[in-house]
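Undergrad: I'll drop the sequence and a predicted model, then ask my questions.
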Amino acid sequence: MKINVIGLGYIGLPTSLILAANGNTVVGTDTNQEIVNKLNNNIVTFEEGGLGDLFLEASKSGFTAETHPVKADMYIITVPTPYMKESKLIDPKYVQSAVRQVLEVMNAGAILVIESTVSPGTIDKYIRPIVLESNKSPELVHAPERILPGAMISELINNSRTIGADSQEVAEKVKRVYETFCKGEIVLTDIRTAEMSKVVENTYRDINIAFANELAQVCREAGLDVYEVIRIANKHPRVNILQPGPGVGGHCISVDPWFLVGDYPESTKLIHQARRTNDSMPNYVFDRIVEIMKENNITEFSKVGIYGLTYKENVDDMRESPTLQLLENIPQSKEFIIYDPLIIEKKIANQELDFSNFIKSVELVVIMVNHDQLKNQSLEGKVVFDTKNSITLPNTYKL
Ligand SMILES: NC(=O)c1ccc[n+]([C@@H]2O[C@H](COP(=O)([O-])OP(=O)(O)OC[C@H]3O[C@@H](n4cnc5c(N)ncnc54)[C@H](O)[C@@H]3O)[C@@H](O)[C@H]2O)c1
């Protein structure tokens, strides 16, 4: 089976490589020339455990990258699916344009799999009409992805996944391809159910995190330790509250619930409020920083150091991260000094690339991301505000 994966970002690259390493002929396509050049010069384009080794295996099996789609039996689309800030509706332009480009080169009857997360109904509304206009009549499939950055390779292999198709026969065909690397259960369904269940998964997590964030604020007012309250409540066999934190970032949990709010504004009050609660956390963190500065006679914002710029621990993806939200929302926070061990090139003003220079220049350290690297660093002598409950130093401020 020859497969062309369209979009070689956080999802498309590992997907291409694992398919190539497991007996499929794979060409990866990305419109970004720099990504294509790097891959063809044996440079892996982002940090992820095990990705380098997988790249070597895939290269031995003939994996190459191109800037245009190529002829193949199956196409897997893994391009971005942002939402529009005002309407909260999906912006389908990247998927539509990728589909158009693929239709130009494909042979009639190839399979077109959309892996990108889309709002429920997107394929019928925005993709099927483009496909019907062409004379190529590909089989349309939705196979959403649920891997966790930081554990992508093991999750690609072990997670359960969903394949939505118009017929059992096509779903089975696509299942056989995913089975070349996926050991988890592969559930077959229709396209609209696959679209909805993917968005629902991330929405569930967003609401659960919002509940934990609200509890953090309630427990602060009540003078209680929210982590202990959650730890004890989770002893109940049917309770599983997630942990509070400084906000929600990344391109999944902070985006997908908006698709439901955009399409069903009257029926999504809880979902909308959860988004608002999580989006308000960076501001809450700022208010706590100001309180802690007062308590410790720290008078200058430039004496505050923010540890962590990525949206989660041990990844180099900063998209929509709580630290970026903090910097965007609050002008005074622009004076903070920022450090992240995984962002090795300067991306924003006041970013310090060296930990010892960072720590020397600040009095208060705010932990926004609990990268493993933190375990090897000393914060001695500093006031610490740990929004991730990641360290056990005495006198550490919590959310
Ligand atoms: N990142 C995650 O953890 C994650 C997890 C599950 C699902 N998803 C979903 O997967 C999809 C892709 O996300 P991502 O994080 O990999 O995005 P990304 O931005 O890392 O990668 C997308 C890539 O697509 C390329 N691209 C855009 N238009 C193109 C076109 N017409 N032809 C070829 N290449 C094109 C871009 O240059 C980019 O390299 C999104 O729908 C996202 O919601 C992401």
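TA: Perfect, I can see it now.
Undergrad: ok and the residue in this protein nearest the ligand?
TA: As assessed by CB to the nearest ligand atom, the ligand sits closest to G9 within the chain, at 1.8 Å. Heads up, the C-betas are built off the backbone N, CA and C, glycines and all.
Undergrad: ok, now which ones touch that residue?
TA: 30, 35, 78-80 (CB atoms under 8 Å, 6 or more residues apart in numbering).
Undergrad: and the helix ranked longest in the chain, what does it pack against?
TA: In the chain, taking DSSP state H as the definition, the longest helix is helix 191-222. Using 3 or more CB pairs under 8 Å, 6 or more residues apart in numbering; DSSP states H and E as the contact test, the elements touching helix 191-222 are strand 139-142, strand 161-165, helix 226-233, helix 256-263, helix 269-295.
Undergrad: a markdown table for these, including mean neighbour count?
TA: Shown next, in a markdown table, are the helices and strands packed on helix 191-222 (neighbours: other CB atoms under 10 Å):
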| stretch | mean neighbour count |
| --- | --- |
| strand 139-142 | 24 |
| strand 161-165 | 23 |
| helix 226-233 | 15 |
| helix 256-263 | 23 |
| helix 269-295 | 18 |
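Undergrad: what about the nearest residue to I298 once chain neighbours are set aside, distance to K88?
TA: Closest residue to I298 apart from its sequence neighbours, by CB to CB, 6 or more residues apart in numbering: E363 at 5.1 Å. Note on E363: its distance to K88, by CB to CB, to the nearest Å, is 40 Å.
Undergrad: mind checking which of those two has more residues around it?
TA: K88 (20 against 17; other CB atoms under 10 Å).
Undergrad: list the contacts of the more buried one.
TA: 258-259, 261-262, 265.
Undergrad: farthest-separated two in these?
TA: F259 and P265 (11.7 Å; CB to CB).
Undergrad: out of the contacts of G9, which are close to the ligand?
TA: Near the ligand, judged by CB under 6 Å from any ligand atom, the entries from the contacts of G9 are 30, 35, 78-80.
Undergrad: list the contacts for T189?
TA: So T189 contacts 162-164, 171, 197 (CB under 8 Å, 6+ apart).
Undergrad: need the phi and psi values for it.
TA: Backbone geometry at T189, expressed as degrees, to the nearest 10, gives phi -150, psi -170.
Undergrad: cool, and Y75?
TA: The phi/psi pair for Y75 (degrees, to the nearest 10) is phi -120, psi 140.
Undergrad: correct me if wrong: it contacts P69.
TA: Yes - taking CB atoms under 8 Å as the definition, Y75 is a contact partner of P69 at 7.0 Å.
Undergrad: follow-up on the earlier one: redo the helices and strands packed on helix 191-222 as TSV? Include distance to the ligand and mean pLDDT.
TA: Below are those laid out as TSV (distance: least, CB to the nearest ligand atom, whole Å; pLDDT from 0 to 100):
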stretch	distance to the ligand	mean pLDDT
strand 139-142	11	98
strand 161-165	11	98
helix 226-233	25	98
helix 256-263	7	96
helix 269-295	16	98
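Undergrad: between these, which gets nearest to I391?
TA: helix 226-233 (12.5 Å).
Undergrad: can you give me the offset of that closest one from its chain's centre?
TA: Centroid separation for helix 226-233 versus its chain: 27 Å, with CA atoms, centre = their mean, to the nearest Å.
Undergrad: now stretch 224-235
TA: Using CA atoms, centre = their mean, the offset of stretch 224-235 from its chain centre is 27 Å.
Undergrad: touching that stretch from outside, list them.
TA: 212, 215-216, 218-220, 239-241, 243-244, 389, 398-399.
Undergrad: for the stretch 201-350 of the chain, which residues are neighbours of the ligand?
TA: 251-252.
Undergrad: tell me how the chain divides into domains.
TA: The chain breaks down by automatic domain parsing into domains covering 2-189, 201-398.
Undergrad: and the end-to-end length of the first one?
TA: Counting by CA to CA, to the nearest Å, you get 24 Å between the two ends of domain 2-189.
Undergrad: which residues touch M1?
TA: 24-25, 73-74, 177.
Undergrad: which bits of the stretch 1-150 of the chain sit near the ligand?
TA: Going by CB under 6 Å from any ligand atom, the residues of the stretch 1-150 of the chain near the ligand are 6-12, 29-32, 35, 78-81, 94, 97-98, 101, 116-117, 145-147, 149.
Undergrad: filter those to the buried ones?
TA: Among these, those scoring as buried are 6-12, 29-31, 35, 78-81, 94, 98, 101, 116-117, 145-147, 149 (criterion: 16 or more other CB atoms under 10 Å).
Undergrad: for S333, see how far away the residue of the chain positioned farthest from its centre is.
TA: If you look at how far each residue of the chain sits from its centre, by CA atoms, centre = their mean, the farthest one is N297, at 37.7 Å. When CB to CB is applied, the distance between N297 and S333 equals 20 Å.
Undergrad: and for K346?
TA: 18 Å.
Undergrad: closest one to Q351 out of the contacts of M1, please.
TA: Looking across the contacts of M1 and measuring by CB to CB, the closest to Q351 is N24, at 40.3 Å.
Undergrad: okay, now the closest one: neighbour count?
TA: 21.
Undergrad: now do the strands in the stretch 51-200 of the chain.
TA: 64-66, 74-77, 111-114, 139-142, 161-165, 186-189 (DSSP state E, counting those that start in this stretch).
Undergrad: mind putting those strands into a markdown table with distance to G49?
TA: As requested, those are exported to a markdown table (distance: least, CB to CB, whole Å):
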| stretch | distance to G49 |
| --- | --- |
| strand 64-66 | 21 |
| strand 74-77 | 23 |
| strand 111-114 | 26 |
| strand 139-142 | 28 |
| strand 161-165 | 20 |
| strand 186-189 | 24 |
